[in-house]
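Asker: Coordinates for the following, if possible.
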Amino acid sequence: MQHKNFGRNQIFQPSAAYTPADEREVLQILDRHRGQRIRAIGRLHSWSEAVLGDGVLLDLRRLNDIRLQPDGDQFVATVGAGCQIKRLLKELDRDGATLHSLGLITEQTIAGAISTGTHGSGRHSMSHYVVGVRLARYDASTGRAFIEELNAGEQLQAARCSLGSLGIILSVKLRCRAQYNVQEHFTESRRLSDVLDAETPFPLQQFYLIPWHWSYFSQHRREDDRPRSRLAKLYRLYWLGVMDYGMHFLLLSLKRVLRSRRLIRLAFRRIIPAFLIRNWKVTDRSSSMLVMKHEAFRHIEIELFLPRDQLEAALGFAQEVIKVAGGRVSTLSVYNQRRIEELGMQDDLAGLHDHYFHHYPICVRRVLPDDTLISMASGAEDDWYALSFISYAGPARRAGFSLFANFMARSMSRLFHARPHWGKVCPLEAKELTSLYPKFDAFRTVCNTLDPQGVFQNDWTAALLEAEGPAGEIP
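Answerer: Reported below is the predicted structural model:
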């Protein structure tokens, strides 16, 4: 049976597929297929090659039990690998708890989310809060499948974001917290400095660089001890109708149906700003306020993580590249053009000219440093910022986006130490990717220890583990 991911950019056909009912059945499947490649999948809401598997495929959706235990003034949840985040949030809420970190969507399984470093804004990624992973793998001496708990040291750090490369994750144990409310309001600014200054009073904020308008729309967010606002339901309806569906349907129509660059620019300059209600302060439950219906319309996405001290220069660079790609100008500023020429990428930039028109707000989220080996926010003391570039082009019309994504990943990794999100479009070669992570050698060692035969790899993850050269050097 053929499998397709959410973005329809990855298609694969495993040799065998199973949906085991429990851990015992997982072990039986592993013993039955000893020596073959075996991968687990979540909800396939990933655009990278991490989802691929042409060998034996395990869909763990039936492993979705949830157990919550008090842990001082917080909680620890033991969650089946196939449990979707939206179900986990619902069950936690019944006990007055929630997750520390929430991404924009809640469709992923918990194992898939931590395996690729899923994150929200203003906190660590979800992987950072994992305190234990229950893993099925093979015993090196007997060759039989068994279950192991990883709960300390570099093995735990590797398991927190593993790309599915250690074994089959059966359950995840992660720290949770008491349910809380979040206050939110929107503002607009022309200056990035104003946006970043607001992080102190609004540490959970995320913001958007609006293309063709070139201003910043900020969702100022902070925890709020006050009860849910009287107009919270109205705000949720406004957000659902205007943002989650209205804006996206407008952009989708302009991109796929009318294919009008002029109308897209008009929408960003005049229409979308007109529907943004500024300074409407609303308090609501965190699990409602921090997520979107981002999965409602099929899209493709590349997300690049970079250190805080690179943010301003990187956003300026992105703005210039978008103008070149959209045909508005033919070259970058003198400074950035020289840097591209020093990288030998001037022909790539010229090939991008007038071949891609960006048509979605660039979402920027702050992620605190992770205690992992290879999550995108790992290996540094300073905060990271994730820049999302999204396209609504249909699967057959993504050549321009591919040119753009490849250029942005290659240039920004070299200029700004940017790391592509493991779960989104990830176009760098294996050596380029691994060189961005100072602790990738440690991750490689853990993988080779737990899976010496590489049976839990696919071609993409195997290439990463085989990449030569010292980690931590920017190519």
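
Asker: Relative to residue 103, how far out is the nearest residue to residue 58 once chain neighbours are set aside?
Answerer: Of all residues not flanking residue 58 in the chain, residue 40 sits nearest, at 4.5 Å (CB to CB, 6 or more residues apart in numbering). Using the backbone N, CA and C atoms, a C-beta is placed for each residue, glycine as well. Residue 40 sits at a distance of 20 Å from residue 103 (criterion: CB to CB, to the nearest Å).

Asker: Which of these two has more residues huddled nearby?
Answerer: residue 40 (26 against 21; other CB atoms under 10 Å).

Asker: Would you mind naming the helix or strand containing the more buried one?
Answerer: Using DSSP states H and E, residue 40 maps to strand 38-41.

Asker: elements contacting that strand?
Answerer: Under the contact criterion of 3 or more CB pairs under 8 Å, 6 or more residues apart in numbering; DSSP states H and E, strand 38-41 touches strand 56-59, strand 168-178.

Asker: Now render those as JSON lines, adding mean pLDDT.
Answerer: Shown next, in JSON lines, are those (pLDDT from 0 to 100):
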{"stretch": "strand 56-59", "mean pLDDT": "98"}
{"stretch": "strand 168-178", "mean pLDDT": "98"}
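
Asker: Can I get those in CSV including mean neighbour count and distance to residue 388?
Answerer: CSV is the format used below for the helices and strands packed on strand 38-41 (neighbours: other CB atoms under 10 Å; distance: least, CB to CB, whole Å):
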stretch, mean neighbour count, distance to residue 388
strand 56-59, 22, 27
strand 168-178, 22, 24
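
Asker: Centre of the chain to the longest helix seen in the chain, how far?
Answerer: Ranked by number of residues, the top helix in the chain under DSSP state H is helix 399-416. The chain centre lies 17 Å from the centre of helix 399-416; the measure is CA atoms, centre = their mean, to the nearest Å.

Asker: avg pLDDT for it?
Answerer: Mean pLDDT, helix 399-416: 98.

Asker: Show me how far whatever helix or strand comes next after it is from its chain's centre.
Answerer: Downstream of helix 399-416, the first helix or strand assigned by DSSP H and E is strand 419-420. Chain-centre distance of strand 419-420: 10 Å, with CA atoms, centre = their mean.

Asker: May I have the strands that pair with strand 419-420, each with its orientation?
Answerer: Next to strand 419-420 in the sheet, as set by DSSP bridges, lie strand 300-307 (antiparallel).

Asker: what comes into contact with the strand it pairs with?
Answerer: 7, 9, 47, 314, 367, 376-377, 380, 382-391, 393, 398, 401, 405, 408-409, 412-413, 416-421, 424-427 (CB atoms under 8 Å, 6 or more residues apart in numbering).

Asker: Out of those, which end up buried?
Answerer: Neighbour counting by 16 or more other CB atoms under 10 Å classes 7, 9, 47, 314, 367, 376-377, 383-391, 393, 398, 401, 405, 408-409, 412-413, 416-421, 424-427 among the contacts of strand 300-307 as buried.

Asker: which residue ends up closest to the midpoint of this protein in space?
Answerer: In the chain, the residue lying closest to the centroid (CA atoms, centre = their mean) is residue 118, at 4.6 Å.

Asker: Over to that one: give its phi and psi.
Answerer: The phi/psi pair for residue 118 (degrees, to the nearest 10) reads phi -60, psi 140.

Asker: my read: residue 202 touches residue 224, true?
Answerer: No: in this structure, residue 202 is not within contact of residue 224 by CB atoms under 8 Å, at 10.8 Å.

Asker: any idea how far the closest residue in space to residue 186 that isn't next to it in sequence lies from residue 217?
Answerer: With CB to CB, 6+ apart as the criterion, residue 186 has its nearest non-adjacent residue at 5.2 Å, and that residue is residue 278. Using CB to CB, residue 278 is found at 9 Å from residue 217.

Asker: what do these two both touch?
Answerer: 186, 187, 188.

Asker: closest to residue 244 among those residues?
Answerer: For the shared contacts of residue 278 and residue 217, the closest approach to residue 244 (CB to CB) belongs to residue 186, at 14.6 Å.

Asker: residues making contact with the helix or strand that contains that closest one?
Answerer: Using DSSP H and E, the element containing residue 186 is strand 181-189. With contact meaning CB under 8 Å, 6+ apart, strand 181-189 is reached by 195, 198, 204, 215-228, 273, 276-286, 289-290.

Asker: Weed out the non-buried ones from those.
Answerer: Of these, these count as buried by 16+ other CB under 10 Å: 195, 198, 204, 216-222, 224, 282-286, 289-290.

Asker: Of those residues, which belong to helices?
Answerer: Short answer: those in helices (DSSP H) are 195, 286, 289.

Asker: For the residues you listed, give me JSON lines that also has pLDDT.
Answerer: Listed next are those as JSON lines, based on pLDDT from 0 to 100:
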{"residue": "195", "pLDDT": "98"}
{"residue": "286", "pLDDT": "97"}
{"residue": "289", "pLDDT": "96"}
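
Asker: got those as JSON lines, with distance to residue 87 columns?
Answerer: Shown next, in JSON lines, are these (distance: CB to CB, whole Å):
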{"residue": "195", "distance to residue 87": "34"}
{"residue": "286", "distance to residue 87": "17"}
{"residue": "289", "distance to residue 87": "19"}
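
Asker: Show me which of the residues you listed is closest to residue 327.
Answerer: Of these, the one sitting nearest to residue 327 (CB to CB) turns out to be residue 195, at 28.3 Å.

Asker: show me the contacts for that closest one.
Answerer: The contact partners of residue 195, by CB under 8 Å, 6+ apart, come to 189, 205, 207, 216, 218.

Asker: ditto for residue 255
Answerer: Here residue 255 is in contact with 264, 359, 392, 393 (CB under 8 Å, 6+ apart).

Asker: How about the helix or strand harbouring the first one, which residues are buried there?
Answerer: Translated: residue 264. Element membership for residue 264, per DSSP H and E: helix 261-266. Applying a neighbour-count criterion of 16+ other CB under 10 Å, one finds 261, 264, 265 buried in helix 261-266.

Asker: same question, stretch 236-255
Answerer: 236, 238, 239, 244, 247, 248, 250, 251, 252, 254, 255.

Asker: now do stretch 130-145
Answerer: So stretch 130-145, judged by 16+ other CB under 10 Å, has buried residues 130, 131, 132, 133, 134, 135, 136, 137, 138, 145.

Asker: The last one - nearest residue in space that isn't next to it in sequence?
Answerer: Meaning residue 145. residue 30 (3.6 Å).

Asker: Contact partners for the residue nearest to residue 58?
Answerer: By CB under 8 Å, 6+ apart, the neighbours of residue 40 are 57, 58, 59, 60, 81, 111, 164, 168, 169.
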